[in-house]
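Trainee: build me a model:
(2 chains)
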Number of protein chains: 2
Amino acid sequence: MTSSDLLKQVEFIKEIDKLKYIQRKTKLLNSDRPENDAEHSWHLAMMAIVLAAHSNQPIDLLKVVKMVLIHDVVEIDAGDTFIYDTQKNHTNTDEELLAAQRIFGILPEAQAQELILIWKEFEEGITAEAKFARSMDRFEPLLQNTSNNGGTWTEFNVPYQKVYDKKKVIKEGAETVWDYAESLIEDSVKKGILKKS
Amino acid sequence: MTSSDLLKQVEFIKEIDKLKYIQRKTKLLNSDRPENDAEHSWHLAMMAIVLAAHSNQPIDLLKVVKMVLIHDVVEIDAGDTFIYDTQKNHTNTDEELLAAQRIFGILPEAQAQELILIWKEFEEGITAEAKFARSMDRFEPLLQNTSNNGGTWTEFNVPYQKVYDKKKVIKEGAETVWDYAESLIEDSVKKGILKKS
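Mentor: Residues are numbered from 1 along each chain as shown, chains lettered A, B, ... in the order given. You can find the predicted model right below:
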């Protein structure tokens, strides 16, 4: 590890401070204060650690934790895309790939490559680690919206079926978590905070 | 994994959302906006991942990451104690132990015990993992204060020797990071943002 590596690493550590300014649409639990990406990433990492045993498949937990900690770093350049946005699709835009290359590219080469690969793996959602990480990413806003009287569902008029389809990704990572998530969605319909049409 | 375990885990996940409201004295980089504990914990986890190779001793990185992610959770009950506070010593107060027992105690028994032990290990600062985690915890505010024209050093009139003594803990975890940290401290004296007396 050379001193020039350390300088690059410190530069990266400083650069990612900007994630604390990227606001999500979703609000904190029982709150109207928007969550930022750094807080969100911390919460997903805690969820992954605490819920790891619910993964459908064996997982490398350190990899999952790295994945959720870095999954939104590209938003420093590309901005947050709302999951129910009808204009812009979140998945793997060119803008995000450029952002990953620029931001992780601040690091020494081998580390940059490692983190870009982990980020891509998350985006592709194929491996056991990516499936579990993505299930955490879908589960957190469900807890938030149900605590906030519908939250962004109400705010942006998102119908039941759209929510259900997005949330069903949880099942691919963790069936027991999905069973619980599904019950929260059905309860939300009963409470009138999520509309069937 | 029983369903009652999942309910406890979800309860814990909801409870720790409160960490996003605990404000630190230190401000974000080049900013006057205080950092909160969730953002701080995320940043330390990223630093641990990126700087792991600088650890003086071999470390279990997943354990270090867990440590920094949870190290401030007790502040939900006990509040943030400023490191240069002359009235209240941060280290292992009874209040913090009670907080750890209450908050981690929301989890299923085995998980609660695991996280309480990891938290205590961090506080004691004896193992290789704890030393490295603590060096990250001391290094982040150094980057922040040097970017903020002295930041909390200036704001609370903290003299050089006090800063130097607190920061020297970095050396126990990562000597190469300490060499760099020490140069930042000396530069700060030259720039007049840290006073020798």
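Trainee: can you count the residues close to the closest residue to chain B within chain A?
Mentor: Relative to chain B, the nearest point of chain A is residue A:42 (3.8 Å; CB to the nearest CB). Bear in mind the C-beta positions are built from the backbone N, C-alpha and C, glycine included. Residues near residue A:42, counting by other CB atoms under 10 Å in any protein chain shown, number 28.
Trainee: surely it meets residue B:38?
Mentor: Yes: look at residue A:42 against residue B:38 with CB atoms under 8 Å: they come within range, at 4.7 Å.
Trainee: could you tell me which residues touch both of the two?
Mentor: Counting by CB atoms under 8 Å, 6 or more residues apart in numbering or on different chains, the residues touching both residue A:42 and residue B:38 are residue B:19.
Trainee: okay, now the unreliable bits of chain A?
Mentor: A:1-2, A:86-92 (pLDDT under 70).
Trainee: element containing the residue positioned nearest the centre of it, please.
Mentor: In chain A, the residue lying closest to the centroid (CA atoms, centre = their mean) is residue A:137, at 3.8 Å. Element membership for residue A:137 (DSSP states H and E) is helix A:128-147.
Trainee: does chain B sit close to that helix?
Mentor: Yes: residues of helix A:128-147 contacting chain B under CB under 8 Å from any CB of the partner chain: A:143, A:147.
Trainee: tell me if stretch A:63-73 is near chain B.
Mentor: Yes: Stretch A:63-73 lies within reach of chain B by CB under 8 Å from any CB, at A:65-66, A:69-70.
Trainee: which of those residues has the most neighbours?
Mentor: Neighbour count (other CB under 10 Å) singles out residue A:69 as the most crowded of the residues of stretch A:63-73 next to chain B, with 28 neighbours.
Trainee: now residue A:197, what's its secondary structure?
Mentor: Judged by DSSP: H, G, I helix; E, B strand; the rest coil, the three-state class of residue A:197 is coil.
Trainee: quick revisit: I'd like the next helix or strand past the helix holding residue A:137.
Mentor: Assigned by DSSP H and E, the successor of helix A:128-147 is helix A:151-155.
Trainee: tell me what that next one is packed against?
Mentor: Counting contacts by 3 or more CB pairs under 8 Å, 6 or more residues apart in numbering or on different chains; DSSP states H and E, helix A:151-155 packs against strand A:23-27, helix A:128-147.
Trainee: start from the N-terminal end of chain A and give the helices.
Mentor: With DSSP state H, the ranges of helices along chain A come out as A:3-15, A:37-51, A:61-70, A:75-78, A:94-104, A:109-124, A:128-147, A:151-155, A:160-167, A:169-173, A:175-191.
Trainee: re the thing from before, surely the residue nearest to the centre of chain A is in contact with residue A:68?
Mentor: Yes: between residue A:137 and residue A:68 there is a contact under CB under 8 Å: 6.9 Å.
Trainee: joint contacts of the two?
Mentor: residue A:44.
Trainee: and the closest residue to residue A:133 other than its chain neighbours, how many residues sit next to it?
Mentor: Using CB to CB, 6 or more residues apart in numbering or on different chains and skipping the chain neighbours, the partner closest in space to residue A:133 is residue A:67 (4.3 Å). A count of nearby residues for residue A:67, using other CB under 10 Å, gives 28.
Trainee: winner for burial among the helices and strands packed on helix A:151-155?
Mentor: Greatest average neighbour count among those goes to helix A:128-147 (a mean of 23), per mean count of other CB atoms under 10 Å in any protein chain shown.
Trainee: tilt between that helix and helix A:109-124?
Mentor: Per axes from the mean of the first three to the mean of the last three CA atoms, to 10 degrees, the angle that helix A:128-147 makes with helix A:109-124 is 60 degrees.
Trainee: what is the neighbour count of residue A:175?
Mentor: Neighbours of residue A:175 using other CB under 10 Å come to 14.
Trainee: now it: how far from residue A:131?
Mentor: For residue A:175, the distance to residue A:131 equals 11 Å [CB to CB, to the nearest Å].
Trainee: which residues do those two both contact?
Mentor: By CB under 8 Å, 6+ apart, the residues touching both residue A:175 and residue A:131 are residue A:56.
Trainee: tell me if I'm right that residue A:80 and residue A:24 touch.
Mentor: Yes: proximity of residue A:80 to residue A:24 meets the contact threshold set by CB under 8 Å, at 5.5 Å.
Trainee: any residues in contact with both of the two?
Mentor: residue A:37.
Trainee: show me the contacts for residue A:104.
Mentor: A:12, A:70, A:73, A:111-112, A:115-116, A:119.
Trainee: just the buried members of the residues you listed?
Mentor: Those of the contacts of residue A:104 that meet the buried threshold are A:12, A:70, A:73, A:111-112, A:115-116, A:119, by 16 or more other CB atoms under 10 Å in any protein chain shown.
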